[in-house]
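J.: one predicted model, sequence on top.
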Amino acid sequence: MTLLDAKEFDPEKESRKRKRLILIITVAVIILCLGWWFRYWREEHIVKNFFEALQKQDFKTAYAIWAHDPEWQRHLDRKSIHDYPFNDFYRDWGPGGQWGTIKTVKVNGASPCPRPSSGILVDVIVNDRTEHAQVWVENSDHTLGYPPCELIFH
């Protein structure tokens, strides 16, 4: 095939190719942006469920979310439950705890702590207070805990 034997230029076909390429790139950019925007959705959802259980004063369910073990009462020998027993949890998160009776909750944001960290810190506005609650979600097992750092969210 020589240059003189080349196919005739079809502007409609080229226009369709260009539009298809632009569509593919646009969809890829949108998917990447959504992935970035919702990158901590799982952690925020876990913490939201935790605070909703506290709001309903269902402390056993909240503790099950904290320990990431719905059958925590059968596993009292687990290290996470042994290190932070239910009585201590209730003292910290119950009506007499730092946050009192929880009436309103708004997840404000999430971010990893500076390295080395193995989880995500979720910032929560409780009862419209200026001081925010911050909860750590461990990546490996989705247990909750107190964060190893403090971040400021706006």
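T.: Everything's here; your move. Residues are numbered from 1 along each chain as shown.

J.: contact partners for the spatially most central residue of the chain?
T.: By CA atoms, centre = their mean, the chain has its centre lying nearest to residue 43, at 2.3 Å. By CB atoms under 8 Å, 6 or more residues apart in numbering, residue 43 lies in contact with 110, 119-120, 122, 137. The way it works is simple: take the backbone N, C-alpha and C, and place the C-beta from them, glycine included.

J.: after the helix or strand of the chain with the lowest mean pLDDT comes which helix or strand?
T.: Between all helices and strands in the chain, the lowest mean by mean pLDDT, DSSP states H and E belongs to helix 79-83, at a mean of 71. As assigned by DSSP states H and E, the chain's next helix or strand after helix 79-83 is helix 86-93.

J.: which parts of the protein are strands?
T.: Taking DSSP state E, the strands of the chain run over residues 105-111, 119-126, 133-138, 144-145.

J.: tell me which of those is the most buried.
T.: strand 119-126 (a mean of 22; mean count of other CB atoms under 10 Å).

J.: tell me the angle of it relative to strand 133-138?
T.: 150 degrees (axes from the mean of the first three to the mean of the last three CA atoms, to 10 degrees).

J.: I'd like to know which elements strand 119-126 is packed against.
T.: helix 41-55, strand 105-111, strand 133-138 (3 or more CB pairs under 8 Å, 6 or more residues apart in numbering; DSSP states H and E).

J.: can you redo these as TSV with distance to residue 22 and mean pLDDT?
T.: Formatted as TSV, these follow (distance: least, CB to CB, whole Å; pLDDT from 0 to 100):
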stretch	distance to residue 22	mean pLDDT
helix 41-55	29	95
strand 105-111	33	93
strand 133-138	39	94
